[in-house]
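Q: starting from these lines, generate the structure:
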Amino acid sequence: ASFDENVSIFYWLSKCAHGAGYELEDELLLAYTAYIRAEGLAGTETRLVRILRSLISVLNRNKIQRALETDTQLHMERVTHDLLASAVPRLSHRHTHLSLVDLSVVLSAYAKMCRPEYLCLFEALAPDLIARVHRTREQGSELLQLDLQLHAPFLLVSYAQARCVHGPLFDTYLTWLEEGIEELTYESVAVVAYSVAHAGLDRPSFWALIVREITA
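A: Below is the predicted model:
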């Protein structure tokens, strides 16, 4: 199998193991970490997104908090932070070609492992994310609208969790989401509500719409 195929296999293996309540062996985790460490920044940004997704999927934050310096989870956290820190300049300058789902994966990874030095990436991505909303409005494409409806709530969650309350981004996305709130799933509305609350935003218009939807 190719490197990209192995990354994908490991990601789905970790997802299946998590769903089955099974913990992957330390030897496997260490072998995979060593395998991808050398290739982490090689190749395309899309490959980098897949690698980040696979690493985040197996990191157990509870285990990390209890870990000793020699523990596998702590070692994997160090490797992940090395990769995240090294990728910040690259993703800050090369991201406009990535899909919305890939950007969502990137921001989720950085939010879950957030450090102050990662916040510049959130700031760097914000103008492009705002521009995507404007393009969706201008083009009126149903596919673009569906893509935005699916991923916008989770983009806002990542910004909120990273404590990066970017005013123009939140306003642009919340205004767009409010205009079509009746088209969102209940899960998406709940995710947006969590983002607004977690970010500490004063958004009466959003809460009024939620009340209207609940009581309709």
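
Q: ok, and the closest non-adjacent residue to Val101?
A: Nearest residue to Val101, sequence neighbours excluded (CB to CB, 6 or more residues apart in numbering): His151, at 5.9 Å. Bear in mind the C-beta positions are built from the backbone N, C-alpha and C, glycine included.

Q: who touches stretch 49-60?
A: Applying CB atoms under 8 Å, 6 or more residues apart in numbering, the contact partners of stretch 49-60 are 4, 7-8, 10-11, 14-15, 18, 24, 29, 32-33, 36, 39-40, 73, 76-77, 79-80, 83-84, 87, 98, 102, 105-106, 108-109, 112-113.

Q: pull the distance from that stretch to the chain's centre.
A: 11 Å (CA atoms, centre = their mean, to the nearest Å).

Q: buried ones in that stretch?
A: Within stretch 49-60, the residues scored as buried using 16 or more other CB atoms under 10 Å are 49-59.

Q: ok, of those residues, which one's closest to Ala160?
A: Nearest to Ala160 among those is Ile56, at 17.5 Å by CB to CB.

Q: and the pLDDT at the closest one?
A: Per-residue pLDDT puts Ile56 at 83.

Q: for this structure, what spans make up the helices?
A: 3-20, 26-37, 45-58, 61-66, 72-93, 100-112, 119-139, 142-161, 167-179, 186-199, 204-215 (DSSP state H).

Q: the third one vs helix 72-93, what angle?
A: What separates the directions of helix 45-58 and helix 72-93 is an angle of 150 degrees, with axes from the mean of the first three to the mean of the last three CA atoms, to 10 degrees.

Q: just want the angle from helix 45-58 to helix 100-112.
A: 50 degrees.

Q: where does this protein have low pLDDT?
A: Residue ranges of the chain with pLDDT under 70: 1, 60-70.

Q: again, only using 80
A: 1, 18, 24, 36-43, 57-70, 72-73, 214, 216 (pLDDT under 80).

Q: excluding its backbone neighbours, what's nearest the spatially most central residue of the chain?
A: Centroid-nearest residue in the chain: Ser108, 2.0 Å away (criterion: CA atoms, centre = their mean). Sequence neighbours aside, Ser158 is the residue nearest to Ser108 in space, at 5.2 Å (criterion: CB to CB, 6+ apart).
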